[in-house]
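Chemist: I need the structure of the sequence given here:
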Amino acid sequence: MSPVSQCETCRHWIPSRGVPLRCAAFERIPPDILMVRADHTVPYPGDHGIRYEPRPGTATIPGTMFVLSDRAVAERMPTVQVDVAALDAAWQRDPSRYIPPGGRPDDADRARYERMREFIARARRVGIPIEQPQITVDATDGVTFLDGRHRFAVLRDLGAGRLPVSVERLRAARVKASYGAKR
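Modeler: Sure thing, here's the model as predicted:
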């Protein structure tokens, strides 16, 4: 799994095109934070007391770390920060695969939703990164989850406003245009 930093969603991030990557806490963001080997919701040496705080409109689940799946790395799937409400609205057009808030009522799917909810709670508590969901879209902007629909549903239900998703390379621009979170 390859890590994806939360720095871009932090209110202290200073966007730049060059290196080093900077923020209000660091002139050069430490690799451990960029590579999600350290949780910056807690003190980190040299951070001057400035910690990760989600920027308004970003994921509302502080402390959640995301990583790319092995498949996303192998296929070089880009990450797109999506607006959860917009993606969820499009996903609802596929009632056979859609997971409503709280999970589906059938026993097997409900149990899977509950296991994912418990895993995400544990992952956040002990700092285990969560694999980004993987999606694609069709010509009518219909959303299909290649992997991670239960993760997405649980994170949506926990109040995420925006989340990183891995996207098939040829569909990334379309996903960003249709569902990309506004900065």
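Chemist: what is the burial count for the nearest residue to residue 50 once chain neighbours are set aside?
Modeler: Counting by C-beta to C-beta, 6 or more residues apart in numbering, residue 25 is the residue found nearest to residue 50 once chain neighbours are left out, at 3.8 Å. Quick note: C-beta positions are derived from backbone N, CA and C, even for glycine. Number of residues near residue 25 (other C-beta atoms under 10 Å) recorded here: 21.
Chemist: again with the one 3 residues further on
Modeler: Other residues near residue 28 number 12, with proximity taken as other C-beta under 10 Å.
Chemist: find the helix or strand that it is a member of.
Modeler: Assignment of secondary structure by DSSP states H and E places residue 28 within no helix or strand.
Chemist: in this structure it contacts residue 22, no?
Modeler: Yes: with contact defined as C-beta atoms under 8 Å, residue 28 counts as touching residue 22 (6.7 Å).
Chemist: do you know how far the residue nearest to residue 50 is from residue 162?
Modeler: With distances defined as C-beta to C-beta, to the nearest Å, the gap from residue 25 to residue 162 amounts to 21 Å.
Chemist: how about residue 30?
Modeler: In this view, residue 30 and residue 162 are 24 Å apart by C-beta to C-beta.
Chemist: just want to know which of these two has more residues nearby.
Modeler: In terms of neighbours (other C-beta under 10 Å), residue 162 is the more surrounded of residue 30 and residue 162; the figures are 24 against 17.
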